[in-house]
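Undergrad: Model the following, please.
(chains A and B)
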Amino acid sequence: MNIGGIDLDTFLTAMLATGLLRAVPLVLAALGEAVAERAGLLNLGIEGMMLNGCFFGFYAAYRTDSMVVGMVAGILAALVLGLVFGVLTITLRVDQVLVGIAITIFSLGFTGYLFRDLLGGRNVSADVHPLRISIPGLRDIPIIGKALFDQQAIFYLSWALVPVFAFLLKRTRFGLNVRAVGENPFAADAAGVDVVRVRYLAIVIGGIMAGFAGAYLAVADLRIFTEGMTVGSGFIALAITMLGRWNPYRIVIGAVLFGMLRALGDGLQVIGVDIRTEFIGMMPYIGIMLALVVLAGRTALPSALGVPYVRGHR
Amino acid sequence: MRWQFGQTRSQAAERGEGAYPLPADAAHPSSVAASGAPIVEMRGITKRFGPVVANNHVDLTLREGEIHAVLGENGAGKTTLMNILSGMYQPDAGTILIRGRETKIATPADALRQGIGTVYQHFTLVPNLTVIENVALGAEPGFLLDLAAAERRLAQLLTDFELNASPHTEIRHLSLGQRQRVEIIKVLSRGSRVLLLDEPTSVLTPVEVEGLFAILRRLRANGVAVVLITHKLEEVLDVSDRVTILRQGRKIGEIGPEVISSGDRAAIRQRIVEMMFGGAPAEAPSASARASGAANGSTLLALQDVTALGDRGEVAVRGLSLELRAGEVFGIAGVDGNGQKELGEVIAGQRHVTRGRVILDGQDITNKGVAACSRLGIGYVTDDRLGEGCVPGMSVAENTVLKMVTRSPFSKGFWLNRGAIEAEARRLIGQFDVKTPSTATPITALSGGNIQKLLLARELAMNPRLLVCNKPTNGLDLKTAQFVLRTLREQADAGKAVLLISSELDELMQVSDRIGVIYNGQIVGIFERAAADLEAIGHLMLGGRERGVA
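TA: Here you go, the predicted model:
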């Protein structure tokens, strides 16, 4: 079957493949955010952390032509911001919303400045050669074959992290501590859990994952850096985390749906459907807002989300 | 890493487990069991919060196999003392000896490691975790969470305490009594040999209280040192071997098992009351109502077939009709959650009426709103003192004028008159004997009783014609409670109408002229006090058919 001269199978394959690719950074960032929020930390700095992951990841990869170095650099950059967030909100008990917004705004300016200073503001591309794993047999399945089984190694790694995080939250002591600390830190403290330590670990994980997401975007996927290239992905990840009610599997659903919506926009343009590109670009965000409106009442936030813990004060 | 330091605690848990199951012959008479060696000695404990001295050189010795009650009025320093022992607070002075060795309890985790387990008044359970997850929290060793193993290890404890719920139930589905048992299981599973309970009976039904006491007696037989923090005298006498009395942060006295077991309850009670209130025994029913029938005033407030919804959209007040006369205290008796809170809010103008009319002195005030009702002379004292009654972050003075701040002389146009506000706060503090370091103190630094006095003073300062009080004595010590009841009576005697909502039948009998029983959003019976029969009222409160109505 043909639409506008394009084979439907090819169209669907492209859409699915693009959708899953677009979903990856969202899933990564949202997994980290789920841990942080479960521990009571609302990380509005996630957008900035991703952006730092993008820039430092890209710059390191550009300089070394190594994808691994790029990924590690991106993760480290965001991790540092995670620690900054931790010191300010957990130890100094500054308002989380304030700190998060400050980190995001700072990162926008900071990466923009470095971009001009170090790269002259030019859109250079990193010469990295990601390891591609193509699984014989499976990749030949119609439509889903190429989308699922002919991808970069890091693509598979990212999806493998979903069950890892689900396990971490549900089946480990750390996960139990995280859930308790976000819901009733007083109870956790009384039971002998080190609330401060658990929260630091949670925000470090949040930072690492945001950095991973950013580095993936700039190093593995697009291989370029542009100013503000995350265009709200961090905030979308935040919304997806809440829509998925901090459950890694439900987070995947939200991320993939969002990714597909974006892919659909791209796909429609390719086919030549006559819609303004701005409208198409807007669609996935409208989708998120609708989902938030519909599901808003059903999400019970962790009770201690955004609340600093001081022993003996309640 | 985080998950490796559970090791020492799991050993403690194993030590503790050796003590269970509990012996079957646990129901020792108190005098036999209470003979143990000291486990914990607190010496000269002092703790200050700003200018408030919460504990002033307090000594406390806890012995094996003894139930030790710590008694005192609100604000006497009981909870502070316990929080020091549980590692929540650090004392400013004094030492703690555990089995004869001086020990610093730096954190709650420390206290648990030392075998001191605490059941706080506001439970420390995570509502959306299961029973077993809550018990395992902070206790299980290793990286992986092996709930099956935890369950096997805890099986005995869970059976012993007759939880009657699956360990995989989320806490939020359990009753308060069950939650308390989970709390006790939680600390015992960590090997606690000292069990601190802060006001453990305040959330329980009488049957549950008996169940709790049975558990405490078994623990005592097992050599556990139990500390009961409470202000309920009768309970203390039922279950304790030893009583320590605190007043204004100081230890006033201690009554040992030799006296308690003597059996002369009246004498012991008298002695304890003297210690708690400083020689002057609490004036019990001095604030009683005058001869009934005195309140023959004209009808001040009439509710006609009023229906209103509760917070969750359920019908809370159901076609209720009621008439209140000037000069009377009208008591509303009922089990919590039968619409009495909503009824109070309807009259105060805080809750929307979906059907029926509210008429104040001939004027229809249905759904006129809080401001109008307040202006027309309706005062309302909520049962939610901190949440609704005041603004926790603001000072005593600011809270005092909160409802009057738009009126002269407290503000003029855009500007506040600080001097007038200050003067009014001082006047009310003096008049109602509110204990506060200053008018600038944050209201949260005050005890519950003092906040209640202030809220009452604030309403009365506006000189209302009708005063609605929802559970005004809840959580107050005897003396303050009597003060509040006396004040309400005086208001009625001065010709005002008072609607007193309470779940304490005794106090309703003490001050009311008439008592209406509310059940399922309706008044199911109205009694003249003289003709009121406690049994009949209780029967109606629990949903029984009307019987012997005056």
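Undergrad: Can you tell me the SS state at B:Val40?
TA: Three-state call for B:Val40 (DSSP: H, G, I helix; E, B strand; the rest coil): strand.
Undergrad: pretty sure it is touching B:Ile116, no?
TA: Yes. Look at B:Val40 against B:Ile116 with CB atoms under 8 Å: they come within range, at 7.1 Å. (Glycine included, C-beta is placed from N, CA and C.)
Undergrad: shared neighbours of the two, anything?
TA: Common neighbours of B:Val40 and B:Ile116, using CB atoms under 8 Å, 6 or more residues apart in numbering or on different chains, are B:Leu85, B:Ile98, B:Val194.
Undergrad: Quick check: residues of chain B near chain A?
TA: Residues of chain B lying close to chain A by CB under 8 Å from any CB of the partner chain are B:2-3, B:6, B:9, B:83, B:86, B:88-89, B:107-109, B:112-113, B:118, B:120, B:122-129, B:133-134, B:136-140, B:142-145, B:186, B:190.
Undergrad: ok, of those, which come out buried?
TA: B:3, B:6, B:9, B:83, B:86, B:88-89, B:107-109, B:112-113, B:118, B:120, B:123-129, B:133-134, B:136-140, B:145, B:186, B:190 (16 or more other CB atoms under 10 Å in any protein chain shown).
Undergrad: So which residues make contact with stretch A:142-151?
TA: Residues contacting stretch A:142-151 (CB under 8 Å, 6+ apart): A:9, A:12-13, A:16-17, A:19-21, A:132-135, A:138-139, A:141.
Undergrad: any idea how far it is from the chain center?
TA: Taking CA atoms, centre = their mean, to the nearest Å, the mean C-alpha location of stretch A:142-151 is offset from the chain mean by 23 Å.
Undergrad: same question for that stretch, mean pLDDT?
TA: The average pLDDT within stretch A:142-151 is 80.
Undergrad: Who are the contact partners of A:Arg311?
TA: Counting by CB under 8 Å, 6+ apart, A:Arg311 has contacts A:Asp189, B:Met88, B:Thr107, B:Pro108.
Undergrad: Could you check how many residues crowd around the residue in the stretch 1-150 of chain A that chain B sits nearest to?
TA: Chain B sits closest to A:Arg38 of the stretch 1-150 of chain A, with a gap of 10.9 Å, by CB to the nearest CB. Using other CB atoms under 10 Å in any protein chain shown, A:Arg38 has 22 neighbouring residues.
Undergrad: who's in contact with the residue of the stretch 351-500 of chain B at minimum distance from chain A?
TA: Nearest residue of the stretch 351-500 of chain B to chain A, counting by CB to the nearest CB: B:Thr444, 9.6 Å away. Listed by CB under 8 Å, 6+ apart, the contact set of B:Thr444 reads B:Leu386, B:Pro392, B:Gly393.
Undergrad: give me that answer again for 7 Å
TA: Neighbouring residues of B:Thr444 by CB atoms under 7 Å, 6 or more residues apart in numbering or on different chains: B:Pro392.
Undergrad: that's a strand at it, yeah?
TA: No. Per three-state DSSP, B:Thr444 lies outside any strand segment and is helix.
Undergrad: Return the distance of it relative to B:Val53.
TA: Distance from B:Thr444 to B:Val53, counting by CB to CB, to the nearest Å: 17 Å.
Undergrad: can you tell me which of the residues of chain B next to chain A are in strands?
TA: Secondary structure defined by DSSP state E assigns B:Thr118 of the residues of chain B next to chain A to strands.
Undergrad: I figured B:Ile105 hits B:Arg113, correct?
TA: No. B:Ile105 is beyond contact range of B:Arg113, at 9.2 Å (criterion: CB atoms under 7 Å).
Undergrad: Would you mind naming what in the stretch 51-200 of chain A lies close to chain B?
TA: Proximity of the stretch 51-200 of chain A to chain B, by CB under 7 Å from any CB of the partner chain, involves residues A:171-176, A:179-180, A:183-184, A:186-193, A:197.
Undergrad: Measure how buried B:Phe161 is and give me the count.
TA: Under the neighbour criterion other CB under 10 Å, B:Phe161 is assigned a count of 19.
Undergrad: ditto for the one 5 residues further on
TA: Other residues within reach of B:Ser166 by the criterion other CB under 10 Å amount to 11.
Undergrad: phi, psi of it?
TA: Main-chain dihedrals, B:Ser166, degrees, to the nearest 10: phi -70, psi 140.
Undergrad: ok, it to chain A distance?
TA: Using CB to the nearest CB, to the nearest Å, one gets 18 Å for the distance from B:Ser166 to chain A.
Undergrad: what does the model give that residue for pLDDT?
TA: pLDDT, read off for B:Ser166, is 88.
Undergrad: and if you look at B:Arg99?
TA: 92.
Undergrad: Which residues are in contact with the closest residue to it other than its chain neighbours?
TA: Spatial nearest neighbour of B:Arg99, chain neighbours left out: B:Ile39 (6.1 Å); criterion: CB to CB, 6 or more residues apart in numbering or on different chains. By CB under 7 Å, 6+ apart, the residues touching B:Ile39 are B:Leu62, B:Arg63, B:Glu64, B:Ile98, B:Arg99, B:Arg193, B:Val194, B:Ala225.
Undergrad: What's the local residue count around A:Ser66?
TA: Using other CB under 10 Å, A:Ser66 has 18 other residues around it.
Undergrad: For it, which non-adjacent residue is closest in space?
TA: That would be A:Val128: by CB to CB, 6+ apart, it lies 6.8 Å from A:Ser66.
Undergrad: which phi and psi does the one you found have?
TA: Per-residue torsions, A:Val128: phi -110, psi 160 (degrees, to the nearest 10).
Undergrad: One more: B:Ile378?
TA: For B:Ile378, the backbone dihedrals (degrees, to the nearest 10) come out as phi -110, psi 120.
Undergrad: Double-check that A:Ala34 belongs to a helix.
TA: Yes. Counting by three-state DSSP, A:Ala34 falls inside a helix.
Undergrad: what sits against it?
TA: By CB under 7 Å, 6+ apart, the contact set of A:Ala34 is A:Phe165, A:Thr241, A:Trp246, A:Pro248, A:Ile251.
Undergrad: Now rank those residues by neighbours and give me the top one.
TA: Within these, neighbour counts (other CB under 10 Å) peak at A:Thr241, which reaches 31 neighbours.
Undergrad: helices or strands up against the helix or strand that contains it?
TA: Using DSSP states H and E, A:Thr241 falls within helix A:233-243. The contact analysis (3 or more CB pairs under 7 Å, 6 or more residues apart in numbering or on different chains; DSSP states H and E) places helix A:233-243 against helix A:8-38, helix A:46-64, helix A:248-271, helix A:277-295.
Undergrad: Pick the most buried one from these.
TA: Most buried of the helices and strands packed on helix A:233-243 by mean neighbour count (mean count of other CB atoms under 10 Å in any protein chain shown) is helix A:46-64; its value is a mean of 29.
Undergrad: what are the ranges of the helices in the stretch 51-200 of chain B?
TA: B:78-85, B:108-113, B:131-136, B:147-160, B:176-189 (DSSP state H, counting those that start in this stretch).
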